[in-house]
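Novice: could you look at this predicted model? Sequence included:
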Amino acid sequence: MKAKEEIQSAPRYVLEELQVWAEQRIFNLTGVQRPISFQEVPSGIKGDYGIQLSSFTKGSQWNLKGLAEAISEGLKQAKNPFIREVHTAGPYFNFELDMPTFGVEVIRQVFEMGPKYGEESVGNNTVVVIDMSSPNIAKRMSYGHLRSTIIGDALTRIYRATGYEVLRDNHIGDWGTQFGNLIVAIKRWGNEKELLSSKDPIGVLQDLYVRFHSEMEKEKTSKREELKEIVEKEGIEAVPNLQKAIEGVSQEIMARKKISQEQLDMSKVVEDALDRVVTSRLEEEGREWFKKLEKGDPEARRFWKICVDLSMKEFERIYRILGVEFEYTLGESFYEGMLVDTIQEVRQSGKATVSDGALVVDMTDKKLGVAIVQKSDGASVYMTRDLATAKYREKELSAGEVIYVVGEDQKFYFQQLFEILRRLGHPVGERSKHVYFGMVTLPEGRMSTRKGRVILLKDVIAEGLKRVRKILKTKNPDVYSSRKLREIITRQIAIGALKWNDLAYDPKRSIIFDWDKALNLEGYSAPFVQYATVRANSILRTAGVKIGDLKIDTSTADSNIYCKPAERSIIKKLAAYPKIILEALNTNNPSQIATYAYELAKLFNSFYTIVPVLSAKNEEIRVSRVMLVAATSQTISNALNLLGIEVPERM
């Protein structure tokens, strides 16, 4: 499959048409073919867009001055209806738009396409599976889960807007050794009847999970100290399996950090290796229960199903509030029946070896260390299940591409996964991509479920709703007085603010969580952009028109329309929207959409402040400005929709 950035669609928007026209004319005039990109001319320089000409002189017979003169004269004679004037400025060829013609055509396209304005068809209906959200059963969703959920949802909307068929898969963490641990915790310290009747069953389960690991760590800490004393007195050889653990840790650190063995901190290596060989009675008991679960033990399965059912009920409630849906919710357990075949394929591929009874793939030649596919006791691991998942998506879902929206700390793991798939001969290995995001931390450090130090997503949502209600009560008592309207608008503003807090910046950027910043309702925020759209819609209501009812006649455009600087700025911004969507697609970065929406909202606020709309004396000018308001409202709404953010009726 071609890379997205290599795929070109037929031009369908006025700015694209103008760019293709310019490329062809320049080629005809000079014999030099180069891709061009319009750049907005800085303030103080005459023109609207410019083209950098330096690249056209490389490898050709043209000098910069002669090239500029030839292009300038040639394009003047070509007489494009959208171009009013052309001239050169140093290494740039600049042109001024015939704004009445250009602006009317841009707005006509916005009206004609409505909610679909900006969409492209570069995807050719290629199936893209987006692995997103993926909370773990029996654990409350933390603020960290918000990132995967809403980034994945925004990418879904962007890919669909550019012609891809997208399948969202909520790959629930409902399998693994942790369920053996949880069963042990429930049997030792829990009460099944109280769990089922609890108002916060996931909280009960998570507390049990935290207690299990707390008790386990106490046992392991004690055992680790014992082993350290043995190592100090008798040497590494006195501790079974420690030497091999040291070798494994060393290889992984060297591969991950790209350092030599001489650069290793051996004291740290030994500490990490001790962690691998130290076990506790509780840990062994948890492993035994997971083995029972894998073998279909009725009691183990019953406890597991209770945990899954209680958790999914809570997850679905949160997804409804966020307005996020999934085509598939296939937990790790769904692939349980495929694990034997997956392990067999790896074993027979000639790409794996057996080490201490475990099935492993050695990728040290690629500096990716050694990955375990099956434990020495026969149990599966995350890698086993992710291999089975990738194969299923490739074969059964016809995935042309798979995008994993998972935290930055899993970069090395996904490099290993994709490499194993490639070695097994699965094309999905080449077609998979890890779109990672920075971690969410607290002022006191990284969040940790095991240590009970998390920001719960449901608490963030509740706090956001509370704050917005308070603001509405003060600033818009009419809205607040209507319970139905109040709850709808409160949710739209609060959830919009939360989504913007993550989507308005590059996903790779880490976040130190702060209540005020996460729920900021002013400045560079969703409410600021939402309010600009609400204000635009209010103007349209006052004018007595609806966006869908507006029509524009391109043949009779007044030569004076769209000539104010504020109008010109908005027209050019509207014309740039389709290109922004493609840039967001090619970089898997929704923040480009957010930045665009904010900039357009700022331009509209400036326009609204200094240019009369409904009070314009000339009727055609008044109509043209109403249409500009409508096109702006439509485009901001389209952009916010790609971020999963709704526009309230009132604010």
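Specialist: Great, that's in hand. Numbering: from 1, shown residues only.

Novice: the bottom helix or strand of the protein by mean pLDDT?
Specialist: strand 445-446 (a mean of 58; mean pLDDT, DSSP states H and E).

Novice: residues in contact with the residue nearest in space to the middle of the chain?
Specialist: In the chain, the C-alpha nearest the mean C-alpha coordinate belongs to Ile151, at 2.7 Å (C-alpha atoms, centre = their mean). Contact analysis of Ile151 by C-beta atoms under 8 Å, 6 or more residues apart in numbering lists Met132, Val405, Val435, Phe437, Asp502, Leu503, Pro507, Pro590. In this view, the C-beta of every residue, glycine as well, is placed from N, C-alpha and C.

Novice: Phe315 too?
Specialist: Phe315 neighbours (C-beta under 8 Å, 6+ apart): Pro135, Met141, Ile172.

Novice: how many other residues sit next to Asn618?
Specialist: 12 (other C-beta atoms under 10 Å).

Novice: let me know the pLDDT of it.
Specialist: Predicted confidence (pLDDT) for Asn618: 84.

Novice: what do you get for Gln243?
Specialist: Reported pLDDT for Gln243: 88.

Novice: ok, it to Ile259 distance?
Specialist: Counting by C-beta to C-beta, to the nearest Å, the gap from Gln243 to Ile259 is 21 Å.

Novice: if I look at the nearest residue to Pro612 once chain neighbours are set aside, how far off is Val239?
Specialist: In this structure, Pro612 finds its nearest non-sequential neighbour in Arg625, 7.8 Å apart by C-beta to C-beta, 6 or more residues apart in numbering. To Val239, Arg625 is 80 Å away according to C-beta to C-beta.

Novice: which one's more surrounded, these two?
Specialist: Per other C-beta under 10 Å, whichever of Arg625 and Val239 has more neighbours is Arg625, with 25 against 20.

Novice: helices or strands up against the helix or strand hosting that one?
Specialist: If you go by DSSP states H and E, Arg625 is part of helix 619-642. Packing partners of helix 619-642 (3 or more C-beta pairs under 8 Å, 6 or more residues apart in numbering; DSSP states H and E): helix 99-113, helix 143-161, helix 526-543, helix 565-587, helix 591-610.

Novice: give me that answer again for 10 Å
Specialist: Under the contact criterion of 3 or more C-beta pairs under 10 Å, 6 or more residues apart in numbering; DSSP states H and E, helix 619-642 touches helix 99-113, helix 143-161, helix 483-503, helix 526-543, helix 565-587, helix 591-610.

Novice: ranking the ones you listed by burial, who's on top?
Specialist: Of all these, helix 143-161 has the most neighbours on average by mean count of other C-beta atoms under 10 Å, namely a mean of 24.

Novice: so it versus helix 483-503, what angle?
Specialist: 90 degrees (axes from the mean of the first three to the mean of the last three C-alpha atoms, to 10 degrees).

Novice: with just CA atoms, put helix 143-161 into PDB.
Specialist: C-alpha atoms of helix 143-161 as PDB (Å, rounded to 0.1, in the frame of the first residue of the first chain):
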ATOM      1  CA  TYR A 143      -7.300  10.100  32.900                       C
ATOM      2  CA  GLY A 144      -4.600   8.300  30.900                       C
ATOM      3  CA  HIS A 145      -7.300   6.300  29.100                       C
ATOM      4  CA  LEU A 146      -8.800   9.500  27.900                       C
ATOM      5  CA  ARG A 147      -5.800  10.100  25.600                       C
ATOM      6  CA  SER A 148      -6.100   6.800  23.800                       C
ATOM      7  CA  THR A 149      -9.800   7.100  23.500                       C
ATOM      8  CA  ILE A 150     -10.200  10.600  22.100                       C
ATOM      9  CA  ILE A 151      -7.000  10.600  20.000                       C
ATOM     10  CA  GLY A 152      -8.200   7.300  18.500                       C
ATOM     11  CA  ASP A 153     -11.700   8.800  17.900                       C
ATOM     12  CA  ALA A 154     -10.300  11.900  16.300                       C
ATOM     13  CA  LEU A 155      -8.100   9.800  14.000                       C
ATOM     14  CA  THR A 156     -11.100   7.800  13.100                       C
ATOM     15  CA  ARG A 157     -13.000  10.900  12.000                       C
ATOM     16  CA  ILE A 158     -10.000  12.200  10.100                       C
ATOM     17  CA  TYR A 159      -9.400   9.000   8.200                       C
ATOM     18  CA  ARG A 160     -13.000   8.600   7.300                       C
ATOM     19  CA  ALA A 161     -13.100  12.200   6.100                       C
END
